[in-house]
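1. Take a look and give me a structure for this.
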Amino acid sequence: IQFNSNQYDAPLETFKKVITLYPATDEAIEALAGCKNIFIQTGKIDEYASLVQNIPFANITRASLDSATYEAAELRYQKGNCADAIGDFEKYIQKFPDGFFVLNAGFYMAVLAAVNNWFIRRRGLAIAIAVSSFTGGGALIVPLFSQLVHRLGWRPSVVIVGIVLIAVLAPLSLLVRRSP
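-> Model prediction:
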C-alpha cells in the first residue's frame, strides 16, 4: 500500500530487514526485487548497486544494472521530468558507454534537450510527438528496407538507405537552431 502511494521509506526498510534476516530465501529474493523497484522509481540506482554489492546471494550482473539505470531514466522521462531525465540519460551513457540502450539514451537526450529549449507551452505534447516519430520512422523504414533487400540484396540496400538518410537529414539539421 505504501509503495503504491509513493511512500518508499518504510517498505524499503522492511525489504532490507527481510534480506538480512532471511538471506538466500525466496522471500529475500522477492524483497531484493522490491528494493530494485523502489530504487528505479526514485532514480537511486547507485544506492541499489551498493546495496546488492554487499549481498552474496544477489548475483546482480552489469547487464542488470545497465537495464535498471536506463529504466530509471526512462521512467523520469515518462513522468514528464525532462531536466532530470536528461541528466539521468547522461549518467547512463557515462556509466555504460557500451550499454544495451546507449542509442536510445542518446536519442532521448537529443530530443528532450531540443524540445525542452523550444517549447514552453504544450511541452508534453511536443515531446510525445518527437519521441513517437522514432517509432513511426521505424514503422515506415523497415517495410521499405525489406522491399529493397528483397529486390536488390542487402548491400546495395544499405548504401541506398544511407545515401537517402544523409541527403534528407543533412539539410534538415541546418534548420535546427539552439533555441528559438
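2. how deep is the residue lying closest to Ile127 once chain neighbours are set aside tucked in, by neighbour count?
-> Counting by C-beta to C-beta, 6 or more residues apart in numbering, Val115 is the residue found nearest to Ile127 once chain neighbours are left out, at 5.0 Å. To be clear about C-beta, it is placed using only N, CA and C from the backbone, and glycine gets the same treatment. For Val115, the count of nearby residues is 19 (other C-beta atoms under 10 Å).
3. Then Leu140?
-> Neighbour count for Leu140, taken as other C-beta under 10 Å: 11.
4. Is it part of a helix or strand, or is it coil?
-> helix (DSSP: H, G, I helix; E, B strand; the rest coil).
5. mind checking how far it is from Gln147?
-> Counting by C-beta to C-beta, to the nearest Å, the gap from Leu140 to Gln147 is 12 Å.
6. ok, now Phe15?
-> Counting by C-beta to C-beta, the gap from Phe15 to Gln147 is 52 Å.
7. how close does Ile120 sit to Cys82?
-> Where Cys82 is concerned, Ile120 sits at a distance of 12 Å (C-beta to C-beta).
8. more crowded one of these two?
-> Neighbours were tallied for Ile120 and for Cys82 using other C-beta under 10 Å; the higher tally belongs to Cys82 (19 against 9).
9. ok, now which ones touch that one?
-> Cys82 sits next to 112, 115-116, 123, 127 when contact means C-beta atoms under 8 Å, 6 or more residues apart in numbering.
10. And the pLDDT at it?
-> Model confidence at Cys82, expressed as pLDDT, equals 77.
11. Ramachandran angles for it?
-> With angles defined as degrees, to the nearest 10, Cys82 sits at phi -60, psi -50.
12. sorry, back to before: more crowded one of Phe15 and Gln147?
-> It is Phe15, of Phe15 and Gln147, that has more neighbours when counted by other C-beta under 10 Å, with 24 against 11.
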